[in-house]
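Novice: Only the shape, not the letters, is given here:
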């Protein structure tokens, strides 16, 4: 069993359109679940929308004030990743906003020339782990793979963007997945990559900060533009506080080399 507890406090400066992506994707076996939005103590009803890869988006409009979010869920068992469609394999080879594979193709071809299949996937994972430093607070929300490669530092989403860009540049379909990650230090929403090799999606994490076998899928997409835990429009907001606790019955050893599917 995997257990998630989230508490957020947001300061809204005016009427705001809110889109949260923080519940496990459709397909997870949920034992218990509670999601509550309160604006200055008053409940805010939301509606759920399913995205392209069975992600669950919570959508609502609210006014100026302090919004608190409390989410608790228990998930049992594992789920198999959905097979890729022909459109998926086209979409996840194309450059995207944060994973500029076209710009990084010369570097990728120089570094990984002659490698194919899962050997190539592992080589790219190792390269990003060895060449990018994990530094909390070191990147901006607008940074993409090219900027991260220049600065050589970032957080999980930055590691994922560079990994995705290199994989696509080497003609391996790759996509970003936002996840809950038992064992992650520091605890936060986490981002990993799925690569399509030998007819399957395999999960890879170039940060190596949490065991992949216990990751819990939230949202799946081209890059962070599709998988952000919060999207807001109409006015500014500030995150006053965020607290996440994610646990699993056990944390398996992960050497980073065994093939693992996200479940």
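Specialist: That came in fine, so what should we check first? Just so it is clear, the structure is predicted and the values come from calculations on it, not from any experiment. Numbering: from 1, shown residues only.

Novice: State the mean pLDDT of stretch 170-184.
Specialist: What stretch 170-184 shows for mean pLDDT is 98.

Novice: gap between the two ends of it?
Specialist: This stretch, stretch 170-184, spans 29 Å end to end (Cα to Cα, to the nearest Å).

Novice: Over to stretch 76-95?
Specialist: Start-to-end span of stretch 76-95 (Cα to Cα) is 35 Å.

Novice: do the same with stretch 81-92
Specialist: 16 Å.

Novice: Pull out the buried positions in that stretch.
Specialist: Residues of stretch 81-92 classed as buried: 81, 84, 88, 91, 92 (neighbour count, 16 or more other Cβ atoms under 10 Å). Backbone N, C-alpha and C define where each C-beta goes, glycine included.

Novice: Tell me what the spatially most central residue of the chain is bridged to.
Specialist: In the chain, the centroid-proximal residue (Cα atoms, centre = their mean) is residue 178; its distance is 2.0 Å. On the basis of DSSP bridges, residue 178 is bridged to residue 191, residue 219.

Novice: was I right about it contacting residue 193?
Specialist: No: Residue 178 is beyond contact range of residue 193, at 11.2 Å (criterion: Cβ atoms under 8 Å).

Novice: Run through the helices of the protein in chain order.
Specialist: 86-91, 101-111, 117-131, 145-151, 156-169, 224-227 (DSSP state H).

Novice: from these, which stretch is densest packed?
Specialist: Compared across the helices of the chain, helix 156-169 shows the largest average neighbour count, a mean of 29 (mean count of other Cβ atoms under 10 Å).

Novice: Could you check the angle that one makes with helix 117-131?
Specialist: Here helix 156-169 points in a direction 140 degrees away from that of helix 117-131 (axes from the mean of the first three to the mean of the last three Cα atoms, to 10 degrees).

Novice: now helix 156-169, how far from the centre of its chain.
Specialist: Centroid displacement of helix 156-169 relative to its chain, using Cα atoms, centre = their mean, to the nearest Å, is 12 Å.

Novice: Ok, stretch 207-220 next?
Specialist: That offset, for stretch 207-220, works out to 8 Å (Cα atoms, centre = their mean).

Novice: what pLDDT, on average, does that stretch get?
Specialist: Summarised as a single mean, pLDDT over stretch 207-220 is 97.

Novice: Stretch 21-39 now?
Specialist: On average, stretch 21-39 scores 97.

Novice: ok now it, how far from the chain's centre?
Specialist: Centre to centre, stretch against its chain (Cα atoms, centre = their mean), the figure for stretch 21-39 is 16 Å.

Novice: again with stretch 164-172
Specialist: The answer for stretch 164-172 is 18 Å, by Cα atoms, centre = their mean.
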